[in-house]
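Visitor: Prediction below, plus the sequence it came from.
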Amino acid sequence: MKKKLLILGVSGLTGYKIAKTANSQYEIYGSYNVRHAKIENCSVFQLDLTKKEDVTKVFSEIKPDVVINTTALHNVDFCEENHEQASAVNANVVRYLYENSEKYGSKLVHISTDYVFDGKKKTPYTESDKAAPLSFYGESKLQGEVILSGSRHVVVRPSVVYGWTPLELAGTVSSSGKPMNFAMWLLTKLNKKEPLKIVTDQFASATLADSLADACLKIGKSSKSGLYHISGLTCESRYEFAVKLARKFGYDSNSISEANSSSFVQKAKRPQYSCLDSTKAIKEFGLQLFTTDKALDVMKSQVENEGPHLLPKCD
């Protein structure tokens, strides 16, 4: 008899990748809030995770062996002005999941963020570095981490998660408040030949969603607990990433111009440096994480198969 996997946020990028990767490994259940998705071999249903009684009902009906929470309210500027909503999704939900996971013996894998750091460090952050968020988004995600601290469950921190998914092309804004991941946004802009201004002073170790999905599944099967950083192996600016993506997909990178973050009006502060060191997770779980170059190869092959209209048109 297959074990049961519950993916919260299955219509989001990471949730979708987890469902596709898990495929025959589990009896798969997936929740969504706003953006519906039909995924093969996955029982998909609507769920408002901020309603405690609804979460409890789902756990009592499914009794999942593994729970992976990919959900978040991660519109950073929205969170800065809507503290109550940010805490409701990014912290209170984690408590509901923790309480039910304890009751039903589920293993909970919760995805957090690199934005729990202030960006003052100049080398990749490790799990032992002190969190000091600059924004309320980062603060609310840290609140969620604290709930699971010292438990038998796992918190995973990625950095700028990106990748190919057909779901984001539907145009429906997810309940997280973001319509597209950074790489997909870049690709659609390049395809439309729209000029881009990308910041050169914000550095991250962008994470391919496929790698994150694989890691979460391996962690879910393990008996390990605690905090793990899981990100790409390349630490670079948003601008450097954008140029690499343009060239990899055959677009003219000259349409991308350099910008400083101070030239954009943003309500919330962002860390200028949030690259992560994934050494601990690589060693303990035998993960295969990628450089940006290799990760973009993976993404490009998927776009060629499922979204070739996003590639440059031959004259």
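Guide: Structure received.
Visitor: Please, where are all the strands along the stretch 201-315 of the chain?
Guide: 203-204, 207-208, 226-229, 236-237, 256-259 (DSSP state E, counting those that start in this stretch).
Visitor: Now do the helices in the stretch 101-250 of the chain.
Guide: Along the stretch 101-250 of the chain, the segments classed as helices by DSSP state H, counting those that start in this stretch run 136-148, 182-191, 209-221, 238-248.
Visitor: Run the chain-centre distance for the second one.
Guide: Helix 182-191 sits 17 Å away from the centroid of its parent chain (CA atoms, centre = their mean, to the nearest Å).
Visitor: that older thread, dump the helices of the stretch 101-250 of the chain into TSV; add mean pLDDT and distance to residue 307 as well.
Guide: C-beta here means a position set from N, CA and C on the backbone, and glycine is covered the same way. As requested, the helices of the stretch 101-250 of the chain are exported to TSV (pLDDT from 0 to 100; distance: least, CB to CB, whole Å):
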stretch	mean pLDDT	distance to residue 307
helix 136-148	98	29
helix 182-191	95	9
helix 209-221	97	15
helix 238-248	98	14
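Visitor: Show me which residues of stretch 207-220 are buried.
Guide: 207-220 (16 or more other CB atoms under 10 Å).
Visitor: ok, back up a step: among the strands of the stretch 201-315 of the chain, which is nearest residue 38?
Guide: Nearest of the strands of the stretch 201-315 of the chain to residue 38, taken as CB to CB: strand 207-208 at 23.7 Å.
Visitor: Give me the average confidence score over the closest one.
Guide: Regarding strand 207-208, the rounded mean pLDDT is 98.
Visitor: tell me what it is packed against?
Guide: strand 161-162, helix 292-306 (3 or more CB pairs under 8 Å, 6 or more residues apart in numbering; DSSP states H and E).
Visitor: Residue 70 reaches residue 7, doesn't it?
Guide: Yes: here residue 70 reaches residue 7: they are 6.8 Å apart, a contact under CB atoms under 8 Å.
Visitor: So for these two, which residue has more residues nearby?
Guide: residue 7 (33 against 28; other CB atoms under 10 Å).
Visitor: residues contacting that one?
Guide: Contacts for residue 7 (CB atoms under 8 Å, 6 or more residues apart in numbering) come out as 15, 18-19, 22, 28-31, 42, 68, 70.
Visitor: swap the cut-off to 7 Å and go again
Guide: 15, 18-19, 28, 30, 68, 70 (CB atoms under 7 Å, 6 or more residues apart in numbering).
Visitor: Burial check on the nearest residue to residue 98 once chain neighbours are set aside, number of neighbours?
Guide: In space, and not counting its chain neighbours, residue 98 is closest to residue 147: 5.6 Å by CB to CB, 6 or more residues apart in numbering. By other CB under 10 Å, 20 other residues sit near residue 147.
Visitor: Please name the residues that touch residue 147.
Guide: Residue 147 touches 91, 94-95, 98, counting by CB under 7 Å, 6+ apart.
Visitor: Kindly reformat the strands of the stretch 201-315 of the chain as TSV containing distance to residue 278.
Guide: Below are those laid out as TSV (distance: least, CB to CB, whole Å):
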stretch	distance to residue 278
strand 203-204	13
strand 207-208	9
strand 226-229	5
strand 236-237	15
strand 256-259	27
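Visitor: Mean neighbour count, those: which tops it?
Guide: Of all these, strand 207-208 carries the top mean neighbour count, a mean of 28, counting by mean count of other CB atoms under 10 Å.
Visitor: Distance across stretch 212-231, terminal residue to terminal residue?
Guide: 7 Å (CA to CA, to the nearest Å).
Visitor: and that stretch, how far out from the chain's middle?
Guide: Taking mean C-alpha positions (CA atoms, centre = their mean), stretch 212-231 and its chain are 13 Å apart.
Visitor: Residue 156: neighbour count?
Guide: 24.
Visitor: what about it, distance to residue 195?
Guide: Between residue 156 and residue 195 the distance is 35 Å, computed by CB to CB, to the nearest Å.
Visitor: same question, residue 128
Guide: Residue 128 is 42 Å from residue 195, where distance means CB to CB.
Visitor: same check, this time on residue 142
Guide: As judged by CB to CB, residue 142 and residue 195 stand 36 Å apart.
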